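1. generate coordinates for the sequence data below:
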Amino acid sequence: MSLVSIIIPTYNSLETIKESLDSVLSQSYRPLEIITIDDCSVDGSYAFAKAYASKSTSQQVTFISLKNTINSGAGITRNKGIEAATGTYIAFLDADDLWKPHKLECQIRTMIEENATFCYGAYEIFTSYAHQPKFIHKVFEKLTFKKLLKANYLGNLTGIYNAQELGKFYMPALRKRQDWAMWLDVMKKADFAIGIQEPIASYRLGEGLSSNKIDLIKYNYAIYRSHLGYSIFKSTWFMLRFFYEQFFVKNRMKVNL
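-> Model (predicted):
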């Protein structure tokens, strides 16, 4: 079995990190390398992550606890974890989200069967309790660069890629949407991502950065203009396509429960 490195950034995540780490240890797949990177929390998140690691007796699980010297944002924090990762596969989980127990096993089995290097999947959306989801976010059976360019269809908590085959990919120094930029880079090399149709993770809908949709517009534009290097005209055109895709396609993939 190939090693999976799991990148978990933390920032004042004390209330939720245990549940997230528990969901990783509950995975039916082994071996695992769990890398937590704290972004200067003031609530004891870093100390908790280290203590959690020291108490773990799980077989074939390695913990790495890192800490930033200055608050740097999610992208740079994840990059520190990516740099430290030694696994064949690299996956991501935020410290307030959860994985279903079969998540990794299902994805890696599918990637091997389909001869794919990139995989993502459907996920549930909840507010307070993961066992009471409000929505399911569906996915395409196969996601391509062309489709991902139109809107961010890939939930970061479900993405996994074969770093041994594709190499490592890092996130740009953007405050938001940095995960979308990285997944676009991965997609360029992988050609496609296989979509797992059943929910494999649970996303916590909160009041953080990702909930401010209006503020995300400038970061969406920055992906096209700065990260991909498109012209002003081309970037503007893709922003118009983004709005269409977001409201008339992507939003319809979120199904009420």
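
2. for Gln59, see how far away the residue most central in space within the chain is.
-> Nearest to the mean C-alpha position of the chain, by CA atoms, centre = their mean, lies Asn156 at 2.2 Å. The spacing between Asn156 and Gln59, counted by CB to CB, to the nearest Å, is 28 Å. In this view, the C-beta of every residue, glycine as well, is placed from N, C-alpha and C.

3. the helix or strand of the chain with the lowest mean pLDDT: what's the following helix or strand?
-> Ranking every helix and strand in the chain by mean pLDDT, DSSP states H and E puts helix 217-222 at the bottom, with a mean of 91. Next helix or strand after helix 217-222 toward the C-terminus (DSSP states H and E): helix 232-245.

4. name the helices or strands packed onto the helix or strand following that next one?
-> Beyond helix 232-245 on the C-terminal side, the first helix or strand identified by DSSP H and E is strand 254-256. Counting contacts by 3 or more CB pairs under 8 Å, 6 or more residues apart in numbering; DSSP states H and E, strand 254-256 packs against strand 135-137.

5. count the neighbours of the closest residue to Lys176 other than its chain neighbours for me.
-> Spatial nearest neighbour of Lys176, excluding adjacent residues (CB to CB, 6 or more residues apart in numbering): Tyr219 at 4.4 Å. By other CB atoms under 10 Å, the residues close to Tyr219 number 18.

6. correct me if wrong: Tyr219 contacts Ala181.
-> No - counting by CB atoms under 8 Å, Tyr219 stays clear of Ala181, with 9.3 Å between them.

7. for Ser202, see how far away the spatially closest residue to Tyr161 that is not a sequence neighbour is.
-> Distance criterion CB to CB, 6+ apart; nearest residue to Tyr161, sequence neighbours excluded, is Phe118 at 4.8 Å. From Phe118 across to Ser202, the span is 22 Å (CB to CB).
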